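Q: Pasting a predicted model and its sequence here:
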Amino acid sequence: DSGVTQTPKHLITATGQRVTLRCSPRSGDLSVYWYQQSLDQGLQFLIQYYNGEERAKGNILERFSAQQFPDLHSELNLSSLELGDSALYFCASRTGLEDTEAFFGQGTRLTVV
Amino acid sequence: SQQGEEDPQALSIQEGENATMNCSYKTSINNLQWYRQNSGRGLVHLILIRSNEREKHSGRLRVTLDTSKKSSSLLITASRAADTASYFCATVAISSGSARQLTFGSGTQLTVLP
């Protein structure tokens, strides 16, 4: 158990809909990273938050947004969903901004139908 | 875009044999990490090697890093069926600034046959 919790584990929704994925980092970790894993694109970095502030953006679509709350949990919002958004979405956390290992949650499998 | 490419994409070996996976990356890095992913599950950190290190060991794992060639290898010795998983290299680019996000390679799918 990595200590990172993601909910829900599975999500099936229709095209055009909006969903929210939730991540609770390890206790005490200030950095949260979101990744998307799909068969054709591999593991893609989406966005990072540190202590409530956005730190870096990767290949995140404008239809997607995220935030980190004062209790350090994070939410990834995906809107106007398309079939191609079907993927595994992972959250990872680190203590801070140092170059150490990241701890990953079990992911949310999103299926857009 | 992905920083690293891994080779081979898939590897199938018998239990007890050694498995070697290679990773190449593109930019200057602070460190390189290897992760393991069981099918459809979260990634688990295996080992981290810093840019000033050339080799590191952890149990049955041996990692090498050649910064001049921008490449790394992961050796799993005396493999077991339970080692069956996907293995990813991940780098932290110096250019990532304070974010230090990991950029992952494409992964090697290792199958260890009993």
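A: That came through, no problem. These figures come from a predicted structure and were not determined experimentally. Residues are numbered from 1 along each chain as shown, chains lettered A, B, ... in the order given.
Q: which SSE is the residue nearest the centre of chain A in?
A: For chain A, A:W34 is the residue whose C-alpha lies nearest the centre (Cα atoms, centre = their mean; 3.4 Å). With secondary structure defined by DSSP states H and E, A:W34 is part of strand A:31-38.
Q: ditto for B:L11
A: Per DSSP H and E, B:L11 falls inside strand B:10-14.
Q: What of B:A90?
A: Here B:A90 sits within strand B:85-93, counting by DSSP H and E.
Q: what's the offset of that strand from the middle of its chain?
A: Offset of strand B:85-93 from its chain centre (Cα atoms, centre = their mean, to the nearest Å): 5 Å.
Q: which helices and strands sit right next to that strand?
A: strand B:5-7, strand B:29-37, strand B:71-76, strand B:102-104, strand B:108-113 (3 or more Cβ pairs under 8 Å, 6 or more residues apart in numbering or on different chains; DSSP states H and E). Yep, even glycine has a C-beta here, placed from its N, CA and C like the rest.
Q: Show the pLDDT at the nearest residue to the residue nearest to the centre of chain A once chain neighbours are set aside.
A: With sequence-adjacent residues excluded and distances taken as Cβ to Cβ, 6 or more residues apart in numbering or on different chains, A:W34 is closest to A:L46, at 4.3 Å. At A:L46, the model reports a pLDDT of 95.
Q: residues in contact with A:L46?
A: A:Y33, A:W34, A:Y35, A:Q36, A:K57, A:G58, A:N59, A:I60, A:F64, A:A66, A:L76 (Cβ atoms under 8 Å, 6 or more residues apart in numbering or on different chains).
Q: just checking, it is part of a strand?
A: Yes. Assessed with DSSP: H, G, I helix; E, B strand; the rest coil, A:L46 lies in a strand.
Q: what does the helix or strand in which A:L88 is found contact?
A: Here A:L88 sits within strand A:87-94, counting by DSSP H and E. By Cβ under 8 Å, 6+ apart, the residues outside strand A:87-94 that reach it are A:3-4, A:6, A:21, A:23, A:25-26, A:29-38, A:41, A:43, A:74, A:76, A:100-105, A:107-110, B:40, B:42-43, B:100, B:102.
Q: Just give the strands next to that strand in its sheet, each with its orientation.
A: Sheet partners assigned to strand A:87-94 using DSSP bridges are listed as strand A:31-38 (antiparallel), strand A:103-104 (antiparallel), strand A:108-112 (antiparallel).
Q: now the longest one and strand B:85-93, what's the angle there?
A: In this case it means strand A:31-38. Angle, strand A:31-38 to strand B:85-93, by axes from the mean of the first three to the mean of the last three Cα atoms, to 10 degrees: 130 degrees.
Q: Same check on the last one?
A: Between strand A:108-112 and strand B:85-93, the angle comes out at 100 degrees (the same axes, to 10 degrees).
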